[in-house]
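Enquirer: coords please:
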Amino acid sequence: MPQLNTLVLKDGAATPADHTFEPRDVTAGIATLVESTGIPLGDRRVTVSVQRTASGRVKPTVKFVVPVTQEVTEGGATVAKIVRTGYADLTFNFDPGSTTQERKDLIAFVRNSLATAQTMMVGALQDLNGIY
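Expert: Sure thing, here's the model as predicted:
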């Protein structure tokens, strides 16, 4: 069983910067990591869990929540408000008879499908264009 630890991920900027997601806690089997913005409302979060279904399937799930905050003045006080949030929810679903290689292959397919060279995926996910 892997231990909850820091996750460092590069962003998508022209000169990618590292973003450090620190362990927050594990509750009900869901591990939470947070990149603190100094304002908890705006913290970026990653959650990781592994569930088992009644039929015996194993479902690892990774979720990203990336809020964008803006300071606004309300009643003479400046406060942070979430103005929009990006979400990503990636759920794998494996048969209990799957081999390590089969799981590696599926993970590699997903990882490689998100590469910048995959113009169809970039067009749909990043540029929000429909596929024809």
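Enquirer: for the longest helix along the chain, packing partners?
Expert: Of all the segments of type helix in the chain, defined by DSSP state H, the longest one is helix 100-113. Here helix 100-113 touches no other helix or strand, going by 3 or more C-beta pairs under 8 Å, 6 or more residues apart in numbering; DSSP states H and E. Yep, even glycine has a C-beta here, placed from its N, CA and C like the rest.
Enquirer: over the following helix or strand past that helix, what's the mean pLDDT, rounded is fine.
Expert: Toward the C-terminal end, the helix or strand that comes next after helix 100-113 (DSSP states H and E) is helix 119-121. Averaged over helix 119-121, pLDDT sits at 91.
Enquirer: quickly find the element holding the residue nearest to the spatial centre of the chain.
Expert: In the chain, the residue lying closest to the centroid (C-alpha atoms, centre = their mean) is residue 64, at 2.6 Å. Per DSSP H and E: residue 64 is located in strand 58-74.
Enquirer: find me the pLDDT at the residue lying farthest from the centre of the chain, would you?
Expert: Distance from the centre of the chain peaks at residue 76, with 35.9 Å (C-alpha atoms, centre = their mean). You'll see residue 76 listed with a pLDDT of 89.
Enquirer: also the one 3 residues further on?
Expert: In the prediction, the pLDDT value recorded for residue 79 is 89.
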